[in-house]
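Fold the stuff below for me.
(chains A and B)
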Amino acid sequence: MKNKRFNRSTCYKIFAVAVITILAIAFAFPLYWIITGSFKTSAAINATTPQWWPEEWVMANYQKLFSRQVAPLWEIHIPFTGIQFAGPSVPAAIRWLLNTVFMAVVAMLLTCATAAMAGYALAKKRFLGRTIVFSLIVCAMALPKQVILIPLLREMASLQLYNTIWAVIFPIVGWPFGVFLMKQFSEGIPGEMMEAAKIDGAGEWKTFYTIALPLIKPGIGALAIFTFINSWNDYFMQLIMLTSTKNLTIPLGIAKLQAENAMDFGLIMAGASLASIPIIIIFLIFQKYFTKGITMGAVKG
Amino acid sequence: MAASKKNPMSKALVRRETIAGYAFMLPSLVFFLGFVIYPMVQCIITSFFDATMNREDIFIGFANYAELFQDTVFLGALRNTAVIVIVSVPVVCIFSLWVSSVIYDLKGAACSAFRCIFYLPVVTGSVAVTVVWKWMFNNYYGIFNYVGTSTGLLDKNINWLGDEKYALGCIILILLTTSVGQPIVLYVSALNNVDQSLVEAAEVDGATKIQCFWRIKWPQIMPTTLYILVITTINSFQCFALIQLLTSGGPNHSTDTIMYYIYYNAFKLYRYGYGNAMGVVLAIIIAVLSAVQFKLAKKD
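Sure, this is the predicted structure:
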């Protein structure tokens, strides 16, 4: 009797794993199709019988992608003087990639720095108005963030930040998920350690820097990778805030490419590879932290 | 104990803690108030105005809201959004729970490999995912039509995205592939955190696997389920990139969602006030739904 049940559950397990393996292949297929598609000849792409594995590998799509538009590699404005320096001309796609990396890195650094401090204060400081601030954060998080894009656009226009990368970065930094996450992590800092530091004469900042910060480091790692990936893929915000060719991000650039050359699938797949491969590699490297960030944020909803 | 010790020096302490607290909060508050709360307040205010580019806003009271409920395209978008939410939320929850329950105790790297693959469409990014699906759904060069016709499932090529009958279904399918990644990660971690001693005790008492799951594990992963319900609902409501890149709301408004219609009004017609009114309505709907989900989950 017992043996029979054991067998049945093993059978189910094998069957279920087989089904999930097939599903996993289906989930990975679009990515496979992007990468192989980017190396196919246009004849192979426009054939009515698809080539499951490219018979001939070509770089033509990438060559086309890189020869389409040019943009200066960088531009530095010195405020209030009107002086600016521009870098050498490069294919626009390279500039888009650079814009995206810059945006994601700056958003990540600013988010981590501000959220670590704020989360620590919310968890460990008993200040007046703390509950009000915290409920405001929780309420804001439950609302759809895309609803605020219209007022945000007008605000950025009046701050003269419209069509600059900062218009995308600042709202990402303001989004309170990071503060919430860091509060969860900071709850775990033992009060005795802070008391001890205080008795030893450490000031507020020193207590934070020497006691709290090392303890919440794993949390900061999780938040960093989470912010990096999410800002890279935050298409709606980028679409609204960035317009001129040189200011686009790579996802936005690919979307524009698609709008202009709807039927040149090889070219579009080359762009899609360029937009997704870097972020996938980063995800695979830091997967462990990323998973932690997702699960920690959910612990208390 | 600690609280009673603090009481005598509370005044000075509270002041010090308050100053320190806000000092630590300050950088974050600047961004939060400036780029989240201020636009939210603006969103509500502007929804009572006729607002567009390069002109002073004109106060029109509830006119935007009144127009909203007579706008057939908006009502259609509301219906499409409801269909997306009603289909995708249960499917995402059940599918991810099933996958997680199978993979969470797999040996070695298998579990994390599966988790990773199901998360891939999220990391790949909505733009890259959408453009490849657009190709796969293509009338002439797409693999769906090829596989369908060569296996005999379809007798002729279907214009998937250009046909009112299929377009919304195609969008929901893509949305599903990009929505299950996070719930699977959450469920796997929740199932691993289930109190093993309870499970073992139940097994000793002769509980079957299925009884074990529903009686012991299910109540313990309830908070995770609730969180997944809420985030999946919010994400489904915000479905935008897919629509904008695949169909632009067409054919004949059959794939308009609220989020896309807001975008269309605000950034194509420059009717900011009207768009904001829709945003407020959307926010209210989501808030009510989240509250209901919380209430239901608390009752269980």
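
Nearest to chain B: which residue in chain A?
Taking Cβ to the nearest Cβ as the measure, the point where chain A comes nearest chain B is A:Phe127, at 3.1 Å. For the C-beta atoms, the positions are set from N, CA and C on the backbone; glycine is no exception.

just checking, that residue touches B:Gly21?
Yes. Counting by Cβ atoms under 8 Å, a contact exists between A:Phe127 and B:Gly21, whose distance comes to 3.1 Å.

Where does pLDDT dip in chain B?
For chain B, residues meeting the criterion pLDDT under 70 lie at B:1-9, B:299-300.

can you rerun that using 50?
Screening chain B residue by residue with the criterion pLDDT under 50, one finds the ranges B:1-6.

go on, the stretch 151-300 of chain A?
By pLDDT under 50, the low-scoring segments of the stretch 151-300 of chain A are A:300.

Helices of that one, start to end?
Using DSSP state H, counting those that start in this stretch, the helices found in the stretch 151-300 of chain A span residues A:166-174, A:177-186, A:191-199, A:204-207, A:213-232, A:235-241, A:250-260, A:265-285, A:287-299.

Distance to B:Phe49 and mean neighbour count added to those helices, as TSV?
Formatted as TSV, the entries for those read as follows, by distance: least, Cβ to Cβ, whole Å; neighbours: other Cβ atoms under 10 Å in any protein chain shown:
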stretch	distance to B:Phe49	mean neighbour count
helix A:166-174	22	25
helix A:177-186	30	25
helix A:191-199	49	13
helix A:204-207	44	16
helix A:213-232	31	21
helix A:235-241	20	22
helix A:250-260	30	23
helix A:265-285	38	22
helix A:287-299	36	20
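
got these as CSV, with distance to chain B columns?
Conversion of the helices of the stretch 151-300 of chain A to CSV gives the following (distance: least, Cβ to the nearest Cβ, whole Å):
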stretch, distance to chain B
helix A:166-174, 4
helix A:177-186, 6
helix A:191-199, 8
helix A:204-207, 5
helix A:213-232, 6
helix A:235-241, 5
helix A:250-260, 4
helix A:265-285, 4
helix A:287-299, 4
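
TSV for these, including distance to A:Leu31?
Output for those, formatted as TSV (distance: least, Cβ to Cβ, whole Å):
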stretch	distance to A:Leu31
helix A:166-174	25
helix A:177-186	26
helix A:191-199	46
helix A:204-207	46
helix A:213-232	15
helix A:235-241	17
helix A:250-260	15
helix A:265-285	7
helix A:287-299	16
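
Minimum distance to B:Leu78: which of these has it?
Shortest distance between B:Leu78 and the helices of the stretch 151-300 of chain A, using Cβ to Cβ, is found for helix A:235-241: 19.4 Å.

what helices or strands is that closest one leaning on?
Other helices and strands packing on helix A:235-241, by 3 or more Cβ pairs under 8 Å, 6 or more residues apart in numbering or on different chains; DSSP states H and E, are helix A:149-158, helix A:166-174, helix A:250-260, helix B:241-246.

one more time with 6 Å, if that's ok
Under the contact criterion of 3 or more Cβ pairs under 6 Å, 6 or more residues apart in numbering or on different chains; DSSP states H and E, helix A:235-241 touches helix A:166-174, helix A:250-260.

Show me what the first one is packed against.
To tie it back to what came earlier, the one meant is helix A:166-174. With contacts taken as 3+ Cβ pairs under 6 Å, 6+ apart, helix A:166-174 sits against helix A:92-124, helix A:235-241, helix B:10-32.

In JSON lines, list those helices along with distance to B:Ser88.
Shown next, in JSON lines, are the helices and strands packed on helix A:166-174 (distance: least, Cβ to Cβ, whole Å):
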{"stretch": "helix A:92-124", "distance to B:Ser88": "28"}
{"stretch": "helix A:235-241", "distance to B:Ser88": "18"}
{"stretch": "helix B:10-32", "distance to B:Ser88": "30"}
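
Identify whichever of these lies nearest to A:Pro171.
Ranking the helices and strands packed on helix A:166-174 by distance to A:Pro171, with Cβ to Cβ as the measure, places helix A:235-241 first at 6.5 Å.

re the thing from before, quick check: which of the helices of the stretch 151-300 of chain A is nearest to A:Trp96?
Taking Cβ to Cβ as the measure, the helices of the stretch 151-300 of chain A were each checked against A:Trp96, and helix A:250-260 came out nearest at 4.1 Å.

tell me the angle of the closest one relative to helix A:213-232?
Taking axes from the mean of the first three to the mean of the last three Cα atoms, to 10 degrees, one finds helix A:250-260 and helix A:213-232 inclined to each other by 10 degrees.
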